[in-house]
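Asks: Here is my input, please return the structure:
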Amino acid sequence: PGRVRFLSDEERKKLLESCRNNRSANLYPLVVLTLSTGMRRSEVLWLTWEQVELSKGVLFLHQTKNQQPRRVAVRGLALEVLQAHAKVRRIDTNLVFPGEKTYRTGHPFELQIYWREAVKDAGLKNFRFHDLRHSCASYLAMEGASLLEIAEVLGHKTLQMVKRYSHLAESHTAGVVERMNRRIFG
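Replies: As a prediction, the model looks like this:
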């Protein structure tokens, strides 16, 4: 069935606060963006400013796991945080989340060190960076998104991967059936 670990409301608040207070200025915007969009770790770490269109709130991902380019909508807090992050961008690299040694190595932000600190400070147990993606999908399901919509947001080619979130969308499915029955039977 696959792993489905997502943040409760309380855990999310603690993690975001921990990331905001982290010694790296990259961690909070990176986590907010990942949690908001469900982007994969490699997609967010290797994101360049050329792929970002802040005025439209859209990211263009050319290199994805399934080889299918996709557009990612960025809204709300994630857009605000990304706009603020753009104001302090580095001129020695085009990476949105560069590391301290990017100028020398070309590699992005060294996530793991800071991520472990934030997870520990937030008191989270059994929570990995990839679980931010699961959290995004779970929140979408709980907000009534269809499995097709979740697959589109996450960039899945098939619905098989998103079926693990179907139990979270049951109330939405029940609502759809109820509205259909009301319409056809009165």
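
Asks: The one helix or strand Y114 maps to packs against which elements?
Replies: Secondary structure from DSSP states H and E places Y114 in helix 111-122. In this structure, helix 111-122 makes packing contacts with helix 9-20, helix 27-37, judged by 3 or more Cβ pairs under 8 Å, 6 or more residues apart in numbering; DSSP states H and E. (Glycine included, C-beta is placed from N, CA and C.)

Asks: Just the CA coordinates for the last one, please, in PDB.
Replies: Coordinates of each C-alpha in helix 27-37 appear next as PDB, following Å, rounded to 0.1, in the frame of the first residue of the first chain:
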ATOM      1  CA  LEU A  27      14.600  26.000   5.100                       C
ATOM      2  CA  TYR A  28      11.400  27.700   5.800                       C
ATOM      3  CA  PRO A  29      10.600  28.800   2.200                       C
ATOM      4  CA  LEU A  30      11.600  25.400   0.900                       C
ATOM      5  CA  VAL A  31       9.400  23.500   3.300                       C
ATOM      6  CA  VAL A  32       6.400  25.900   2.800                       C
ATOM      7  CA  LEU A  33       6.800  25.500  -1.000                       C
ATOM      8  CA  THR A  34       7.100  21.700  -0.800                       C
ATOM      9  CA  LEU A  35       4.100  21.400   1.600                       C
ATOM     10  CA  SER A  36       2.000  23.700  -0.500                       C
ATOM     11  CA  THR A  37       2.800  22.100  -3.900                       C
END
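
Asks: residues of the helix or strand following that helix that come out buried?
Replies: Toward the C-terminus, helix 27-37 is succeeded by helix 41-45 as the next helix or strand (DSSP H and E). Buried positions in helix 41-45, judged by neighbour count with 16 or more other Cβ atoms under 10 Å: R41, E43, V44, L45.

Asks: which other residues reach helix 41-45?
Replies: Contact with helix 41-45 is made by 30, 33-34, 37, 61, 63-65, 96-97, 108-109, 111, 129-130, as judged by Cβ atoms under 8 Å, 6 or more residues apart in numbering.

Asks: all strands for the chain, in order.
Replies: Here the chain has its strands, by DSSP state E, at 52-53, 58-61, 70-73.

Asks: got the ones you listed as TSV, with distance to L147, mean pLDDT and mean neighbour count columns?
Replies: Below are the strands of the chain laid out as TSV (distance: least, Cβ to Cβ, whole Å; pLDDT from 0 to 100; neighbours: other Cβ atoms under 10 Å):
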stretch	distance to L147	mean pLDDT	mean neighbour count
strand 52-53	28	96	17
strand 58-61	21	93	18
strand 70-73	17	89	16
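
Asks: and the helix holding Y114 with helix 9-20, angle?
Replies: Per axes from the mean of the first three to the mean of the last three Cα atoms, to 10 degrees, the angle that helix 111-122 makes with helix 9-20 is 130 degrees.
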